[in-house]
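In: Okay, predicted coordinates and the sequence, questions at the end:
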Amino acid sequence: QKEVEQNSGPLSVPEGAIASLNCTYSDRGSQSFFWYRQYSGKSPELIMSIYSNGDKEDGRFTAQLNKASQYVSLLIRDSQPSDSATYLCAVISSASKIIFGSGTRLSIRP
Amino acid sequence: EPEVTQTPSHQVTQMGQEVILRCVPISNHLYFYWYRQILGQKVEFLVSFYNNEISEKSEIFDDQFSVERPDGSNFTLKIRSTKLEDSAMYFCASKKTGSVTDTQYFGPGTRLTVL
C-alpha cells in the first residue's frame, strides 16, 4: 500500500515566522510531489510542485525534496494569518492518480 | 483563468437513491479524475478517465459507481444506490496531459449528504 505520511498538527506559528511542514512517502518510484492548501470546506489548491532533489522557491514558499530519504517539506516564510489552513502533501507515482497525505493543520497566530 | 466547475454544490439524498454528480473540466484538458473526502479524513482517489475509458480505479470505486463523459464538456459520477457512508465531498479534477509533472486542477466540490 502506497502511503504518504504527515503530522496532523495543529502546528501553531507566530505571524512573520517560518512555518515548516514535513511529509514522507513510501513508494520509491514516486516521480512528482505537490503541496496543496485546503481551507475548511473548500477544494485543494496547488501551492508548489517539485520533481527533482533539492529546493524550489516560489515567493514565500520553498519546497524541498530528498528522494533518498523519501522526504518532502514545505517552508513558508513570513507567515501570514491567511496561511492558516490544512496543507496536503501529495505524491504521484503513475500518471493516473494523486495519493494525498492526511494533511497538517497550520495556524498562524497574530 | 479557466477552472473546473461542479454541480450541484450540495446534494441531499435518501439512502438507496441514485445520484449523479456533474463536472465540467477545463476545456482543453484530456484527463479527468474523481476524488472524495469524508469529513475530517484525507482526500481519496476514486477513478481516472482518459479517451472515454477508465484508466485506473481504487478499491472504493465498486460496482455502485460509474463515470461517463456524455458529451464534449461534461464528466459525471453516478452512484447507483447511495449508502450512508457515501456522504462526503466529491472533487472532480482535470489535467491537460498524461505527464506525471502536469498539474491536476480541482473543482470546488459537491457535498453529498445521504440520509
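Out: Good, I have the coordinates. Just so you know, these numbers come straight off a predicted model, no measurement behind them. Numbers count the residues shown, from 1 in each chain, chains lettered A, B, ... in the order given.

In: Quick one: name the residues of chain A near chain B.
Out: For chain A, the residues in contact with chain B (CB under 8 Å from any CB of the partner chain) are A:31-32, A:34, A:38, A:41-46, A:49, A:51, A:88, A:92-103. In short, each C-beta sits where N, CA and C put it, glycine included.

In: mind running it again at 7 Å?
Out: Residues of chain A lying near chain B by CB under 7 Å from any CB of the partner chain: A:31-32, A:43-44, A:46, A:49, A:51, A:88, A:92, A:95-103.

In: Quick one: buried ones out of these?
Out: Buried subset of the residues of chain A next to chain B (neighbour count, 16 or more other CB atoms under 10 Å in any protein chain shown): A:31-32, A:43-44, A:49, A:88, A:92, A:95-103.

In: least confident pick among those?
Out: Least confident of those in the model: A:Ala95, at 58.

In: Among the buried ones among the residues of chain A next to chain B, name the ones in strands.
Out: A:32, A:49, A:88, A:92, A:97-100 (DSSP state E).

In: Out of the residues you listed, which comes closest to A:Ser8?
Out: Nearest to A:Ser8 among those: A:Leu88, at 11.4 Å, using CB to CB.

In: so who does the closest one touch?
Out: A:36, A:38, A:44, A:100-101, A:103, B:43 (CB atoms under 7 Å, 6 or more residues apart in numbering or on different chains).

In: Same question for B:Arg80.
Out: With CB under 7 Å, 6+ apart, B:Arg80 has these contacts: B:18, B:64.

In: And the pLDDT for it?
Out: Model confidence at B:Arg80, given as pLDDT, is 96.

In: ok, now A:Asn7?
Out: What the model reports as pLDDT for A:Asn7 is 89.

In: surely it meets A:Thr104?
Out: Yes: with contact defined as CB atoms under 7 Å, A:Asn7 and A:Thr104 form a contacting pair (5.6 Å).

In: When the two are compared, which one has more neighbours?
Out: Taking other CB atoms under 10 Å in any protein chain shown, A:Asn7 and A:Thr104 do not tie; A:Thr104 has more neighbours (22 against 15).

In: Roughly how far does the more buried one sit from A:Ile76?
Out: 11 Å (CB to CB, to the nearest Å).

In: Also B:Leu115?
Out: Distance, B:Leu115 to A:Ile76, by CB to CB: 40 Å.

In: do the same with B:Ala93
Out: Counting by CB to CB - B:Ala93 and A:Ile76 are separated by 24 Å.

In: How about A:Leu21?
Out: For A:Leu21, the distance to A:Ile76 - CB to CB - is 8 Å.

In: Each with direction, which strands does the helix or strand bottoming out on mean pLDDT in chain A pair with?
Out: Lowest by mean pLDDT, DSSP states H and E among the helices and strands of chain A is strand A:97-100, with a mean of 88. Take DSSP bridges as the rule and strand A:97-100 pairs in its sheet with strand A:85-94 (antiparallel).

In: Convert the partner strand to PDB, retaining C-alpha atoms only.
Out: What follows is strand A:85-94 as a C-alpha-only set of coordinates in PDB (Å, rounded to 0.1, in the frame of the first residue of the first chain):
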ATOM      1  CA  ALA A  85      -5.200  26.200   6.500                       C
ATOM      2  CA  THR A  86      -4.600  22.500   6.100                       C
ATOM      3  CA  TYR A  87      -1.600  21.600   3.900                       C
ATOM      4  CA  LEU A  88      -1.800  18.400   2.000                       C
ATOM      5  CA  CYS A  89       1.300  16.600   0.700                       C
ATOM      6  CA  ALA A  90       0.600  14.700  -2.500                       C
ATOM      7  CA  VAL A  91       2.600  12.200  -4.500                       C
ATOM      8  CA  ILE A  92       2.200  10.800  -8.000                       C
ATOM      9  CA  SER A  93       3.800   7.600  -8.900                       C
ATOM     10  CA  SER A  94       1.700   6.900 -12.000                       C
END
